[in-house]
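> okay, here's the prediction I keep looking at, along with the sequence it came from:
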Amino acid sequence: MSDVPARDAMDVRVNPSRRRLLTAAAVSPVLAGAGARTATAQTVRQQAVLPAPTAEADWSEVAGVLGRTGKMMDGSVYRVRFARQDLPVVTYGVRLFLGSYAAFTRYGDGRALVMGSLAVTETELQPAADALRTGGLELTAVHKHLLAHEPAMWWTHFHGHAEDPRTPAHGVRAALAVTTTPSTPPAASQPQMDLDIAAVEEALHAKGVNDSGILRFTFNRRETVTDHGRVLPPAMGMTTLISFQPVGGGRAAVHGDFAMTAGEVRNVLAALRRGGIDIVELHSHGLTEEPRLFFAHFWAIEDGATLARALRAALDATRTAPAVELL
């Protein structure tokens, strides 16, 4: 039964202005609530705990636990990579160079955060997930990054806090131990690339880095991303990554992932498909970050500059900017 008195109901039927007034009155609390929630989210981000500046020497004990050194990024993130050069992963005739990573940062309140992703085979997936949980790390996503490929690979994202960063480092080390990830990193190299690098960089409006023969680009989110009241530096994993792997004749296999807010997803996916780029998977990497981010993995083989122009159109649908430091 309606709560509007009969006389008011008649006024609504015969008086359009009054109908609009009542409608506005009904929805105004909802809009006010939405505005309050937006303001609250902005306030939380503004009051979030900031990462503390650190140097590589501050992470020597973490390096000791993991058995290898990492790279300082964003002035506060110690990022360690674990290449899977033990696996000849092949997709559509292209051998890919895959890997895992763990990113550590310390905050002004003394606590440390680790976030990362493990690239594991299907037989390694469950033991690695168990090892992460046993080590006190929270699983935040399990998904694929590629279409048809051999052997079958999965990516497991994780997140953890501790007073002593060596504690989550032991958890990462235990998870790596149940895989065949090599204990030593491959030698760094920058071989010549059969690719029109200048044309690709011009199309993307960004500079890439030669990472062992793969041209890689990183784009950071423009807004501040937080999680559990802590600011997440881009190098913790809040970035768009694009890789160009030359396959001959100026062509490249492109893959990576776009970091997007919910409102950007539709336009990014549409731009990728208009450019002839396959969508591999749409998913999240975390559980509670603000703003909520989604990631879209993609794949294509074509002329490098042509693909770069298609990817630029997708980048234009996001609030991102080229990173100063490339992952």
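Yep, that arrived.

> dump the residue contacts of Asp316.
Under the criterion of Cβ atoms under 8 Å, 6 or more residues apart in numbering, the contact partners of Asp316 comprise Ala271. All C-beta spots, glycine's among them, are computed from the backbone N, C-alpha and C.

> can you tell me how far it is from Ile242?
Taking Cβ to Cβ, to the nearest Å as the measure, Asp316 falls 14 Å from Ile242.

> my guess is Tyr78 contacts Thr105. True?
Yes - with contacts counted by Cβ atoms under 8 Å, Tyr78 reaches Thr105, the gap being 7.2 Å.

> common neighbours of these two, please.
In terms of Cβ under 8 Å, 6+ apart, Tyr78 and Thr105 are both contacted by the residues Thr54.

> that's a helix at Gly263, yeah?
Yes - going by DSSP: H, G, I helix; E, B strand; the rest coil, the assignment for Gly263 places it inside a helix.

> pLDDT score for it?
Looking at Gly263, its pLDDT is 98.

> also His228?
The per-residue pLDDT reported for His228 equals 89.

> how much space between the closest residue to it other than its chain neighbours and Ala102?
Counting by Cβ to Cβ, 6 or more residues apart in numbering, Thr288 is the residue found nearest to His228 once chain neighbours are left out, at 6.5 Å. Noted for Thr288: a distance of 19 Å to Ala102, by Cβ to Cβ.

> please identify which of the two sits among more neighbours.
Ala102 (27 against 10; other Cβ atoms under 10 Å).

> next up, identify which helix or strand that one is on.
Ala102 belongs to strand 99-106 when assigned by DSSP states H and E.

> what's the offset of that strand from the middle of its chain?
Shown here is strand 99-106, whose average C-alpha point lies 12 Å from the average C-alpha point of the whole chain (Cα atoms, centre = their mean, to the nearest Å).

> can you point out the buried residues in it?
For strand 99-106, the buried set under the neighbour-count rule, 16 or more other Cβ atoms under 10 Å, comprises Gly99, Ser100, Tyr101, Ala102, Ala103, Phe104, Thr105, Arg106.

> what about the strands in the stretch 51-200 of the chain?
Assigned by DSSP state E, counting those that start in this stretch, the strands in the stretch 51-200 of the chain fall at 71-73, 77-83, 89-91, 94-96, 99-106, 112-121, 138-143, 153-162.

> so which of those strands comes closest to Arg309?
Comparing the strands of the stretch 51-200 of the chain by their distance to Arg309 (Cβ to Cβ), the top pick is strand 94-96, with 21.0 Å.

> note down every partner strand of that closest one and its orientation.
For strand 94-96, the paired strands and their directions (DSSP bridges) are strand 89-91 (antiparallel).

> could I get the buried residue list for the partner strand?
Neighbour-count burial for strand 89-91 flags Val89, Thr91 (criterion: 16+ other Cβ under 10 Å).

> which residues sit against it?
In this structure, residues lying in contact with strand 89-91 by Cβ under 8 Å, 6+ apart are Arg95, Leu96, Leu98, Leu146, Leu147, Ala148, His149, Glu150, Pro151, Met153, Trp299.
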